[in-house]
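# Need coordinates for the below:
(one chain, ligands or ions: 1)
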Amino acid sequence: MAHYPQETFLNVKLAPGSFLEKKRHTASVASLKQQLGFLKSTGRYEAFKLKWLPVYDEPPAIWPIGSWLFWDSDIGKWLEGACYFLHTDYDAEVDAAVQELTDMLSNAQHDDGYLNLHYSIVEPTSNRFTNIRDFCELYNAGHLLEGALAHEHYYKNDKLLGPMIRYVDLMIKTFGPGEDQLHAYPGHPEIEIALLRLYERTQDKRHFELAKYFITERGNPKGVDGRHYYDWEADKRGDDPNARPYFYPERTPSNWYYSASVPLVEMQSVEGHSVRPMYLLTAVADMVRMDPTSTSDFQKAIVRLWEDMVSTKMYVTGGIGAMPQYEGFGIPYFLPQGTDEGGSYAETCAAIGIMMMVDRVLQYDLDGSFTDIMELAFYNAVLTAISTDGRKYTYINQLASSNANPADRSEWFRCCCCPPNIMRTLAIIGGYFYSQPASTEVGAKHVAVHLYSSSTLEFTASDHPSKLTQTTNWPWGGDIDFKLETSSKAVSVSLRIPQWTSDWSIEPVPPLKEVTKGYITLPAEYLAANPTFTLKIKLDVRMLASHPFVNTDIIAVARGPIIYCVEDFDNPWVDDHFKSLQLDPDARVTERGVKDPSTAEEYVSLDVHRGASLLPIKSLKAEPSIPWRTLTKAAADTQLIEELHLVPYYFRSNRGGKGMARTGIRRWIR
Ligand SMILES: [Zn+2]
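Okay, here's the model as predicted:
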């Protein structure tokens, strides 16, 4: 079995009408063409015809980055997602667009293999690779290469992959440890992910070695002439040492913003821009799988940085990145819910990066503590970023709205990394459900089930064509019926038992109920005797608190993998973005199946009965403090909310309203 969801999704048939099949279908019939329309109307689509566009005359929106600098990646991601959908949902217009883009890209390629928009038309090509830190040539190339891999997989020709391999050949000549080479590595990781996937396809060791070079050289304090490469490069460019790019956390150099302050094996915490370390660690995890013997320090770094992130820098939704100023991680336990409370960013691409990274880790370490977070991030921080009709998006996934940043969505963004990213992720979502971990002794006869959703996996168990089908109403129902069809007597199956559940069972009862690192393994003998079995996971309503060091006494409500929020649509009395709302964690909560009439979305809503209230906030004034007894007395004299209605966080901002929403609610002071 291939290792990547970008390929394994074709082995997984999503059951028609199931929750995730509907999400994927919407991305296919709505998002794909809606995004194609914006690629065309914004100039991206024809950009590689290399004609001058008025936008190139505009001053950089976020100095020094011109708004077209990522267009290559927008095209690469769209093209990649389009090729995935063509396998299953053929569309002639999409097919024609992919082929036309392929022709434009290959015609724009330079004789020596170079391919990049900015340095082909806006700046002279001779300036290429002079701002590897900020101008994202290699990030763009990575997305074009991933697009080319998807293109080759669908079209079975090398019209795009051939040119991209020629570009990689140029990179192999340009970057490396040699005296005549640049000791550089991309400011925004991505090419490493693509190169390792390319290596899996070509088995050309040079592709692996280039990715490994970028990863190991990153953050070298003495990379060139005894200096950090980015500092050396900035001086060579003649950068003003006092010039501070818009997105910099502090005056230059801010190499920690790029996850490049020190070599990764020495890094103690995730810092800086939140997408970059996730993409970097995705590649690192893939490298570990491919070459575990020489990469054990990297494997330790993955665990160290992961634990730092999950325990001190992650929102209850699985979102990461508290700092809007630089799209990145804040200090430990700094997790404000809204921008008017100090920050809340949680960019969609960062949450997608979590999914990619966990997928790679699970290939060599079947550990449910990773999978639980992948599921959390997917159902909340990722799914919330696309509207139910697939035509509007969020880039920032704040946990609470404010007047400055109401809960709303946009059809497009000037820097538009997130919409095509979520589209391509939904295209291959089935590929995240299962894996056949290569490292296990039973090898290809062992299937691990990571995510639950009605679907059928087709696989081969020692030459025996086999199928594993799951039927479930997940994430709303916790019963999952499995059916294994195989003539092999040697297939074993591991099932993830989420750490958050209070109870679970399997019928018929297996011989051992031992859970190892979040998975129970059903042995071949059990499955041969019981090809149909049911996993029952209790989906309790859970009241969740922050770590005490976050210093916000709030409660978030969850059920199964879904995090809930309050919206003004269901609670129209709100006028302060639910700031004065308080919630009793012991309140009675009931569940209700809903089919929303305006969106046709089906979900479970939660109702809190006589367990929420409004603090009489106008009677409270800090001068500069409030005596505790005054506060508790005011809290006791609160205005009761008879029924507070909650909806899944991913469903926010779909039904109109005043744009008021909140996830974590102040704990009711008693
Ligand atoms: Zn993004």
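
# Can you give me the distance of the closest residue to the ion within the stretch 451-600 of the chain to D297?
Residue nearest to the ion within the stretch 451-600 of the chain: I563 (20.2 Å; Cβ to the ion). Placement of C-beta: from N, CA and C, glycine included. Noted for I563: a distance of 35 Å to D297, by Cβ to Cβ, to the nearest Å.

# Run through who's touching stretch 161-176.
With contact meaning Cβ atoms under 8 Å, 6 or more residues apart in numbering, stretch 161-176 is reached by 105-106, 109, 112-115, 129, 138, 141, 144-145, 148-149, 151-152, 158, 181-185, 191, 195, 198, 202, 206-207, 210, 213-214.

# same question but for stretch 383-391, I mixed them up
Contact with stretch 383-391 is made by 23, 26-27, 29-31, 34, 317, 348, 351, 392-395, 397, 409, 411, 418-419, 422-423, 426, 599-601, 649-654, as judged by Cβ under 8 Å, 6+ apart.

# near the ion, from those residues?
Checking the contacts of stretch 383-391 against the ion by Cβ under 5 Å from the ion, the ones in range are C418.

# In helices, which of the contacts of stretch 383-391 fall?
Counting by DSSP state H, the contacts of stretch 383-391 place K23, T26, Q34, T348, A351, C418, P419, I422, M423, L426 in helices.

# biggest separation within those residues, which pair?
Maximum pairwise distance among the ones in helices among the contacts of stretch 383-391 (Cβ to Cβ): 21.0 Å, between Q34 and A351.

# of these two, who's got more company?
A count of neighbours by other Cβ atoms under 10 Å puts A351 above the other of Q34 and A351, at 34 against 20.

# ok, now which ones touch that one?
By Cβ under 8 Å, 6+ apart, the contact list for A351 reads G318, G319, I320, A377, F378, A381, V382, A385, N397.

# you'd agree I320 is up against T348?
No - I320 lies out of contact with T348 (Cβ atoms under 8 Å); the separation is 10.9 Å.

# between those two, what contacts are shared?
Shared contacts of I320 and T348 (Cβ under 8 Å, 6+ apart): A381.

# Spell out which parts of this structure neighbour the ion.
So the chain meets the ion at C349, C417, C418 (Cβ under 5 Å from the ion).

# Just among those residues, which is most surrounded?
In terms of neighbour count, C418 stands highest of the residues of the chain next to the ion at 25 neighbours, by other Cβ under 10 Å.

# And for that one, nearest residue in space, chain neighbours not counted?
In space, C418 comes closest to T348 once its chain neighbours are excluded; the distance is 3.9 Å by Cβ to Cβ, 6 or more residues apart in numbering.

# contacting residues around that neighbour?
T348 neighbours (Cβ under 8 Å, 6+ apart): A381, V382, A385, Y393, T394, Y395, N397, C418, N421, I422.

# out of those residues, which one sits closest to the ion?
Among the contacts of T348, C418 lies closest to the ion (Cβ to the ion), at 3.5 Å.

# Quick one: residues contacting that closest one.
C418 neighbours (Cβ under 8 Å, 6+ apart): E347, T348, C349, A385, Y393, T394, Y395.

# can you do 6 Å?
For C418, the contact set (Cβ atoms under 6 Å, 6 or more residues apart in numbering) comprises T348, C349, Y395.

# Backbone dihedrals for the last one, both of them.
Dihedral angles phi and psi of Y395 (degrees, to the nearest 10) take the values phi -100, psi -40.

# again, but for V94
Per-residue torsions, V94: phi -70, psi -40 (degrees, to the nearest 10).

# My guess is it contacts C83. True?
No - in terms of Cβ atoms under 6 Å, V94 does not count as a neighbour of C83; the distance is 9.0 Å.

# When the two are compared, which one has more neighbours?
More crowded of V94 and C83, by other Cβ under 10 Å: C83, with 26 against 21.

# hey, which helix or strand in the protein has the poorest pLDDT?
The helix or strand of the chain with the lowest confidence, counting by mean pLDDT, DSSP states H and E, is helix 628-636 at a mean of 87.

# Give me the contacts around that one.
P616, S619, L620, I669.

# circling back to that earlier point, counting neighbours, which of the contacts of T348 comes out on top?
Highest neighbour count within the contacts of T348: A381, with 31 neighbours (other Cβ under 10 Å).

# residue contacts, the spatially most central residue of the chain?
A centroid search over the chain (Cα atoms, centre = their mean) returns I352, at 1.0 Å, as the residue closest to the centre. I352 makes contact with V382, N421, T425 under the criterion Cβ under 6 Å, 6+ apart.

# What distance do you get for the closest residue to the ion within the stretch 201-350 of the chain to R409?
Relative to the ion, the nearest point of the stretch 201-350 of the chain is C349 (3.1 Å; Cβ to the ion). C349 sits 16 Å away from R409, going by Cβ to Cβ.
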